[in-house]
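> need the 3D shape of this:
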Amino acid sequence: MRYMLRVGATLALAAASPLGAQDVGLAVGTKAPVVAVEDLDGKSVDLGQYIGRQPVVLEFWATWCPLCKALEPSLKAAHARYGRTVRFLAIGVGVNQSPASIKRHLAEHPLPFPVLFDARGAAVRGYEAPTTSYIVVVDKTGTVTYTGTGAEQDIAAVLQRVASD
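The predicted structure follows:
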């Protein structure tokens with residue numbers, strides 16, 4: 001009985017969350033942190049050039065992540081639909097990969113949006129990324145409107161409202 005109550009409460013909370021957010025990692029409704037990461041050539045990239053200017057989708061990603069691979073079709077479809085108004089960025093985590101290994105991977109498995117590298121873990125810490133395949137959607141005011149993990153995320157549905165605001 002306790003288990004059923006816990007499951008029911010969890011489902012109720014998930015249903016009440018904005019845009020179906022899973023409330024993992026950074027809290028929905030907070031301001032997105034502005035941190036610096038690197039491009040794949042080692043140049044610093046300040047996420048502040050995107051955050052608070054337009055909607056942004058951040059995916060915490062790795063070449064070795066099977067959930068990231070499974071999420072790719074959903075992200076590519078969302079990018080095809082919303083890529084002109086929403087900035088998509090993959091944040092390559094610094095675990096068991098390097099900019100060189102990411103470049104090699106992307107040569108065979110390209111993504112339609114930039115992949116950056118979180119060499120020092122600033123983005124992972126700032127966005128409280130619990131795992132790879134972690135998605136954070138930030139609206140144009142810089143507010144986190146969705147967080148989620150796993151391959152079953154419907155990013156286009158999340159962006160439908162954010163892109164029209």
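> helix or strand right after the helix or strand harbouring Thr147?
Taking DSSP states H and E as the criterion, Thr147 maps to strand 144-148. Where DSSP H and E defines the elements, the next helix or strand beyond strand 144-148 is helix 155-164.
> for this protein, longest helix please?
helix 66-82 (DSSP state H).
> go through it and flag the buried ones.
For helix 66-82, the neighbour count (16 or more other CB atoms under 10 Å) marks Leu67, Cys68, Leu71, Glu72, Ser74, Leu75, Lys76, Ala78, His79, Tyr82 as buried. (Each C-beta comes from the backbone N, C-alpha and C, glycine too.)
> before we move on, what about stretch 132-151?
Quick answer for stretch 132-151 (16+ other CB under 10 Å): 132-140, 142-149.
> then stretch 36-56?
So, applying 16+ other CB under 10 Å, buried residues of stretch 36-56: Ala36, Val37, Glu38, Leu40, Val45, Leu47, Tyr50, Ile51, Gly52, Pro55, Val56.
> same deal with stretch 109-128?
Under the neighbour-count criterion of 16+ other CB under 10 Å, stretch 109-128 has Leu111, Phe113, Val115, Leu116, Phe117, Asp118, Ala119, Ala122, Ala123, Val124, Gly126, Tyr127 buried.
> which other residues reach that stretch?
25-26, 32-33, 35-40, 45, 47, 58, 60-61, 72, 75-76, 79-80, 83, 87-94, 98-99, 102, 106, 129, 134, 136 (CB atoms under 8 Å, 6 or more residues apart in numbering).
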